[in-house]
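Novice: Fold the stuff below for me.
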Amino acid sequence: MAYCITEEEYQAIKAKERETKDKRTSKKLKVLMLRYEGKSNPEIAEKLDMSSDRISHMISEYKKVGLDEYVRMKYTGHHRSLSYEEEQEILDQFASKAEKGQIITVKEIKAAFDEKIGKDTGRGYIYMLLERHGWRKLKPRSQHPQKASDEEIAASKK
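Specialist: Below you'll find the predicted structure:
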């Protein structure tokens, strides 16, 4: 085995595993604990339903960066460019138009948002912003979707 876990490292890993509430972090730590117990990469992979290559990568990552960096949550959500209040200010610009019954498109809101933060954002972010602020997608229909064709209407009048 290329990387071995020492007794001291094992105790630190075990303590960290007991205090974590995150399933992903717990699974990462179990990989290291099984390595300390003498299990090979294929054995660990089978037990934890992962690939052997992934196990190897995780152990080498631990040895390179150390325990604290290894368990740090690198992928967390809520990376918003603006605060809730700043987002609300942008939407307030469009609220009066909406109340008058004028049509507002996501394209317009996106343009105002992009101008405010100074970079291009995806449409998906704007849709999530609208949902977060309780805006609904309402579109007036020009006609009923099951309306008869003009020929059928003219024929029925004769």
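
Novice: Give the buried residues for stretch 43-53.
Specialist: Ile44, Ala45 (16 or more other CB atoms under 10 Å). C-betas here are computed from N, CA, C, even on glycine.

Novice: Restricting to C-alpha, output that stretch in PDB.
Specialist: Only the C-alpha atoms of stretch 43-53 are listed here, as PDB (Å, rounded to 0.1, in the frame of the first residue of the first chain):
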ATOM      1  CA  GLU A  43     -11.900  -3.900  -0.600                       C
ATOM      2  CA  ILE A  44     -12.700  -0.400   0.500                       C
ATOM      3  CA  ALA A  45     -14.300   0.400  -2.900                       C
ATOM      4  CA  GLU A  46     -16.500  -2.700  -2.600                       C
ATOM      5  CA  LYS A  47     -17.500  -2.000   1.000                       C
ATOM      6  CA  LEU A  48     -18.400   1.700   0.300                       C
ATOM      7  CA  ASP A  49     -19.700   1.200  -3.200                       C
ATOM      8  CA  MET A  50     -17.100   3.400  -4.900                       C
ATOM      9  CA  SER A  51     -14.500   2.900  -7.600                       C
ATOM     10  CA  SER A  52     -11.000   1.800  -6.600                       C
ATOM     11  CA  ASP A  53      -9.500   4.700  -8.400                       C
END
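
Novice: how distant is stretch 32-52 from the center of its chain?
Specialist: 29 Å (CA atoms, centre = their mean, to the nearest Å).

Novice: hmm, who's touching that stretch?
Specialist: 1, 3-5, 9-10, 13-14, 17, 27, 30-31, 54-56, 58-59, 62 (CB atoms under 8 Å, 6 or more residues apart in numbering).
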